[in-house]
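Engineer: Just to be clear, the model below is a prediction. Sequence and coordinates:
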Amino acid sequence: MTPGPRNLITDIAGLRVGNAEDATLKSGTTVLVGAAPFVASVAVMGGAPGTRETDLLEPDKMAPAVDALVLSGGSAFGLAAAQGVMDALAEQGRGFAVGPARVPIVPAAILFDLLNGGDKAWAANPYPALGRSALANAAEDFALGTAGAGTGATTAMLKGGLGSASLRRGEITVGALVAANPVGSVTTPGTGHFWAAPFELGGEFGGLGPDPAPQHLDLAQSRKLAALAPGANTTLAVVATDARLTKAQARRMAVAAHDGIARAVVPAHTPMDGDLVFAAATGAMEMTAPDWQMIEICHAAATCLSRAIARAVFHATPAPEDTMPCWSSGGPG
């Protein structure tokens, strides 16, 4: 397997990603949208998720496809970003047809970034406008690091951010998009070595390789753990493929992709995280050997997600009033 030409989730034809952020707010929104509706499902393994319309993504629910997926900062306020996306898609004539009416299906998930140093004293909820702007910005190329839903993200010891990665196996492409804001650490204690280093390709997040020292993470070393509140963190992700998947197969891809979080974040899936993975399948490529190809797709999804998490932190950049240092600035020291 090798990365696609962009090493982004948009190496899957027909998918675009848009970011919108507010530097004063220290928050933002990211939208994944397809050229056409796509099959989607979801798997939640964190203890404190915040979501909108995810019930529709269960394999036994009737919605056959969605129009977009939204990742947003803002905690529960950020769920309103999906409304901005929905309104804009409706203006474009997109949505699930119910007689003469069309209803855009826009599932969303949010992360907690309300204590990151930004000005949250808004008079009106800013997230519908951020959602609309993110959709308008959707393109094949997009920024990583301190961008979109990753703008105000943090990890245990470093700034978090927005990351993406892709892999190709034959005719099939798999990609991941993530807003990394976990309770846990993305790097080994006191170093710049990423937990995801065994899966790195081509020096995409610094090329340091695995930490040569024996690894034991003392949770007391985390700068945030002592002040955590339930729901205060989350890793939000989308894994996608151009293979033709059913909703049940898409859910299996989302479940498998959670292994990518566990390989890149220590600890992962805590009671205080809202760890969630959406799965998306555009259906452009038929699987010729479905059983084996599903194994490969699930493995690629987990691998891409690990790499995307490390890339999110690697590309984060400093900003005024930050509460965490950046990897690029030498880390926590």
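Structural biologist: That came through, no problem. Numbering: from 1, shown residues only.
Engineer: My guess is residue 245 contacts residue 253. True?
Structural biologist: Yes - look at residue 245 against residue 253 with C-beta atoms under 8 Å: they come within range, at 6.9 Å. C-beta here means a position set from N, CA and C on the backbone, and glycine is covered the same way.
Engineer: list residues touching both of these two?
Structural biologist: Overlap of the contact sets of residue 245 and residue 253 (by C-beta atoms under 8 Å, 6 or more residues apart in numbering) consists of 279, 281, 297.
Engineer: List the contacts of the first one.
Structural biologist: Remark: with contacts taken as C-beta under 8 Å, 6+ apart, residue 279 is in contact with 40-43, 238-240, 245, 250-251, 253-254, 257, 301.
Engineer: Likewise for the second one?
Structural biologist: The neighbours of residue 281, taking C-beta under 8 Å, 6+ apart as the test, are 38-40, 240-245, 249-250, 253.
Engineer: what about the strands in the stretch 51-200 of the chain?
Structural biologist: Per DSSP state E, counting those that start in this stretch, the stretch 51-200 of the chain carries strands over the ranges 51-52, 66-72, 96-98, 101-103, 108-110, 161-169, 172-181.
Engineer: where among these is the average confidence lowest?
Structural biologist: Among the strands of the stretch 51-200 of the chain, strand 96-98 has the lowest mean pLDDT, at a mean of 85.
Engineer: What residues sit buried inside that strand?
Structural biologist: By 16 or more other C-beta atoms under 10 Å, the buried positions in strand 96-98 come out as residue 96.
Engineer: just stretch 66-81 next, same as before
Structural biologist: 66-75, 77-81.
Engineer: Equivalent analysis for stretch 197-208, please.
Structural biologist: Using 16+ other C-beta under 10 Å as the test for burial, stretch 197-208 gives 197, 199-201, 204-206.
Engineer: what helices or strands is the longest helix anywhere in the chain leaning on?
Structural biologist: Longest helix in the chain, counting residues (DSSP state H): helix 290-314. Helices and strands touching helix 290-314, as assessed by 3 or more C-beta pairs under 8 Å, 6 or more residues apart in numbering; DSSP states H and E, comprise strand 161-169, strand 172-181, strand 234-243, helix 247-264.
Engineer: any chance of those in a markdown table, plus mean neighbour count?
Structural biologist: Shown next, in a markdown table, are those (neighbours: other C-beta atoms under 10 Å):
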| stretch | mean neighbour count |
| --- | --- |
| strand 161-169 | 28 |
| strand 172-181 | 31 |
| strand 234-243 | 31 |
| helix 247-264 | 23 |
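Engineer: would you list these in TSV and tack on distance to residue 148?
Structural biologist: Below are those laid out as TSV (distance: least, C-beta to C-beta, whole Å):
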stretch	distance to residue 148
strand 161-169	5
strand 172-181	7
strand 234-243	11
helix 247-264	19
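Engineer: quick one, which of those is nearest to residue 115?
Structural biologist: Residue 115 lies closest to strand 172-181 among the helices and strands packed on helix 290-314, at 11.5 Å (C-beta to C-beta).
Engineer: Please tabulate the buried residues of stretch 197-208 in TSV, including the columns pLDDT.
Structural biologist: What follows is the buried residues of stretch 197-208, written out as TSV (pLDDT from 0 to 100):
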residue	pLDDT
197	96
199	96
200	97
201	96
204	96
205	96
206	93
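Engineer: where does this structure have low pLDDT?
Structural biologist: 215-232, 331-333 (pLDDT under 70).
Engineer: could you point out the longest strand in it?
Structural biologist: Across the chain, the longest stretch assigned as strand under DSSP state E is strand 27-44.
Engineer: how distant is that one from the center of its chain?
Structural biologist: When C-alpha coordinates are averaged (C-alpha atoms, centre = their mean, to the nearest Å), strand 27-44 and its chain have centres 10 Å apart.
Engineer: Given it, what are its sheet partners and their directions?
Structural biologist: strand 15-22 (antiparallel), strand 66-72 (antiparallel), strand 276-285 (antiparallel) (DSSP bridges).
Engineer: that older thread, closest to residue 31 among the contacts of residue 279?
Structural biologist: residue 238 (10.3 Å).
Engineer: For that closest one, list each beta-bridge partner.
Structural biologist: Beta-bridge partners of residue 238, as defined by DSSP bridges: residue 177, residue 278.
Engineer: quick one: residue 182 and residue 233 touch, right?
Structural biologist: Yes - assessed by C-beta under 8 Å, residue 182 is found in contact with residue 233 at 5.5 Å.
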